[in-house]
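**Student:** Structure here, sequence nowhere to be found:
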Ligand SMILES: [Zn+2]
């Protein structure tokens, strides 16, 4: 397998690393997107307690796992930002899906969000394997 050429940031970044870098920053900025802040606000039952749209349980904003306090409420895109079947397909769809309207957003607790992410990752990695199998033939 040949190494990907470093075409970005004065030859220090591959195209793939560049996409990962920009995606991460766009995702981080999405917490200021009004439909996302509204989704979290609307799921709030009372101070520090939210209703998870997955398990329908009232959950606290943070939980302690192995002695470490971690975030327990996630604003989830019902239809994933990146379709796990097709993968990243360009900035237009990425930005439009990430900065979507509230009808595609739901609040999930960490456990529900982890399950959903795991399922999407599994579809993605199976599709990658299939693609690799096809190119090797
Ligand atoms: Zn849940």
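**Tutor:** Done, it's in. Just so it is clear, the structure is predicted and the values come from calculations on it, not from any experiment. Residues are numbered from 1 along each chain as shown.
**Student:** Quick check: residue 5 vs residue 16, distance?
**Tutor:** 11 Å (CB to CB, to the nearest Å). Just so you know, the C-beta spots here come from the backbone N, C-alpha and C atoms, and that holds for glycine as well.
**Student:** Could you tell me the end-to-end distance of stretch 45-52?
**Tutor:** 10 Å (CA to CA, to the nearest Å).
**Student:** And for stretch 89-104?
**Tutor:** From its first residue to its last, stretch 89-104 covers 19 Å (CA to CA).
**Student:** And the contacts of that stretch?
**Tutor:** 23, 26-27, 30, 33, 35, 38-39, 77-83, 88 (CB atoms under 8 Å, 6 or more residues apart in numbering).
**Student:** Same question for stretch 4-15.
**Tutor:** For stretch 4-15, contacts defined as CB under 8 Å, 6+ apart pick out 16, 17, 18, 21.
**Student:** So for it, what gets flagged as buried?
**Tutor:** 8, 13, 14 (16 or more other CB atoms under 10 Å).
**Student:** Quickly list what the first one is bridged to.
**Tutor:** Per DSSP bridges, the residues bridged to residue 8 are residue 13.
**Student:** so what's it scoring on pLDDT?
**Tutor:** In the prediction, the pLDDT value recorded for residue 8 is 97.
**Student:** Could I get the full set of strands for this protein?
**Tutor:** 44-46, 49-51, 58-60, 62-65, 68-71, 73-77, 105-109 (DSSP state E).
**Student:** Does the ion have contacts with the fourth one?
**Tutor:** So that's strand 62-65. No. Strand 62-65 lies out of reach of the ion by CB under 5 Å from the ion, never closer than 11.3 Å.
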